[in-house]
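# Turn this into a structure:
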Amino acid sequence: MRPTKLTTQHPARQLATLALSLTPLAAWGNGMRLASQDAFATARGEAFVATADNPAAIYYNPAGITQLPDWNLRSGVYGLYYDPTFSPPAGKANAGNTYHLKNQEAVAPQFFLTDSLSTVPVSFGLGIYAPYGGSISWPSDTGFRTVGTESSLTYLRINPVVAV
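Residues are numbered from 1 along each chain as shown. Coordinates of the predicted model:
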């Protein structure tokens, strides 16, 4: 049996294969990601990593807690309101009806606590937050009831950090 050798006859095909193998596939999680964990950071368009001058830095840039003196606390609740609707197309069962979610409100907590020691350049922090969350429940007589009428994602993150 002859040994095979690597040829470069089809570099475009090899490059395309490499590019496709390194490209991650998108996984849509029903839009339940809560990107904002601090009102000030949200007001700045999430451009908070370089500043990171409040306890929410635990989420954005934990090294930023070294800028904070003594004890600091920041907490809040992320209020969510969902209002999607579904109307079956004409000619389908229940056409003309409009369906709404059963529960349109949800909340996600945020809690950040930091302590910077005065004798040594070390800071400690604890963050408890929900980067994903929410639930959706449709009535059981919708046109897609055989596919699914409920989804829920509960994810609470507890993040202890140490910064020097």
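
# From now on I want contacts and neighbour counts done on CA atoms only, so please keep to that.
OK.

# so what's residue 77 bridging to?
residue 109 (DSSP bridges).

# mind listing what it touches?
For residue 77, the contact set (C-alpha atoms under 8 Å, 6 or more residues apart in numbering) comprises 107, 108, 109, 110.

# State the distance from the residue nearest in space to the middle of the chain to residue 39.
For the chain, the residue nearest the mean C-alpha position is residue 33 (3.1 Å; C-alpha atoms, centre = their mean). Using C-alpha to C-alpha, to the nearest Å, one gets 16 Å for the distance from residue 33 to residue 39.

# re earlier: selection in PyMOL covering whichever of the contacts of residue 77 are buried, please.
Listed next is the PyMOL selection for buried residues among these, using 16 or more other C-alpha atoms under 10 Å:
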select buried, resi 108+109+110
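
# Check the secondary structure at the closest residue to the residue nearest to the centre of the chain other than its chain neighbours for me.
Spatially, and ignoring its direct neighbours in sequence, residue 33 is nearest to residue 132 (4.4 Å; C-alpha to C-alpha, 6 or more residues apart in numbering). Following DSSP: H, G, I helix; E, B strand; the rest coil, the label given to residue 132 is strand.

# Surely residue 132 touches residue 34?
Yes: counting by C-alpha atoms under 8 Å, residue 132 does reach residue 34; the two are 5.3 Å apart.

# mind listing the strands in the protein by residue range?
71-81, 85-86, 99-100, 105-116, 123-137, 150-163 (DSSP state E).

# Extract the C-alpha set from the last one and format it as CSV.
Written as CSV, here are the backbone C-alpha positions of strand 150-163 (Å, rounded to 0.1, in the frame of the first residue of the first chain):
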residue,chain,number,x,y,z
GLU,A,150,-44.4,26.4,28.2
SER,A,151,-40.7,27.4,28.6
SER,A,152,-38.8,28.4,31.7
LEU,A,153,-35.3,29.2,32.5
THR,A,154,-34.2,29.7,36.1
TYR,A,155,-30.5,30.4,36.5
LEU,A,156,-29.1,32.1,39.6
ARG,A,157,-25.4,32.7,39.6
ILE,A,158,-23.3,33.0,42.8
ASN,A,159,-20.0,34.5,42.0
PRO,A,160,-17.3,35.0,44.7
VAL,A,161,-14.3,37.0,43.5
VAL,A,162,-10.9,38.1,44.9
ALA,A,163,-9.0,40.9,43.2
